[in-house]
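**Student:** got a predicted structure plus its sequence, pasted below:
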Amino acid sequence: MRENSFTKKMSKKSNTELEHIFANKSDYTNEALQAVIWELENRNLIEKSDIPSIELSNTSN
């Protein structure tokens, strides 16, 4: 199973909450966004091909 430190937290969020986080990417860390993407995929709300790769930035979030 794909996991990081946000996986459990994101699994408890509603679809609407996950979509809100994804829509506001700049407010979240790459690790949090990765957990959101995995959870959306697990729920069959998105497919891997629907998501462009998250660009890792040099800024710390």
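**Tutor:** Cool, the structure landed.
**Student:** flag the shaky bits of this protein, pLDDT-wise.
**Tutor:** Across the chain, the stretches falling below the confidence threshold (pLDDT under 70) are 52-61.
**Student:** hmm, 80 instead?
**Tutor:** Flagging of the chain using pLDDT under 80 yields the residue ranges 1, 48-61.
**Student:** pull the longest helix from it.
**Tutor:** In the chain, taking DSSP state H as the definition, the longest helix is helix 30-42.
**Student:** what about that one, distance to the chain center?
**Tutor:** 3 Å (CA atoms, centre = their mean, to the nearest Å).
**Student:** list the buried residues for it?
**Tutor:** Applying a neighbour-count criterion of 16 or more other CB atoms under 10 Å, the buried positions in helix 30-42 are A32, L33, Q34, A35, V36, I37, W38, E39, L40. Placement of C-beta: from N, CA and C, glycine included.
**Student:** ok, so of those residues, who is nearest K12?
**Tutor:** Each of those was scored against K12 by CB to CB, and E39 proved nearest at 9.4 Å.
**Student:** tell me which residue is most central in this protein.
**Tutor:** A centroid search over the chain (CA atoms, centre = their mean) returns V36, at 2.2 Å, as the residue closest to the centre.
**Student:** doesn't M10 make contact with that one?
**Tutor:** Yes - judged on CB atoms under 8 Å, V36 makes contact with M10 at a distance of 5.4 Å.
**Student:** overlap in contacts, those two.
**Tutor:** Counting by CB atoms under 8 Å, 6 or more residues apart in numbering, the common neighbours of V36 and M10 are L18, I21.
**Student:** show me what the host helix or strand of M10 is packed against.
**Tutor:** Here M10 is covered by helix 7-11, with elements defined by DSSP states H and E. The contact analysis (3 or more CB pairs under 8 Å, 6 or more residues apart in numbering; DSSP states H and E) places helix 7-11 against helix 30-42.
**Student:** if you set the cut-off to 10 Å instead, what comes out?
**Tutor:** Taking 3 or more CB pairs under 10 Å, 6 or more residues apart in numbering; DSSP states H and E as the contact definition, the neighbouring helices and strands of helix 7-11 are helix 15-23, helix 30-42.
**Student:** I appreciate the help and will end here.
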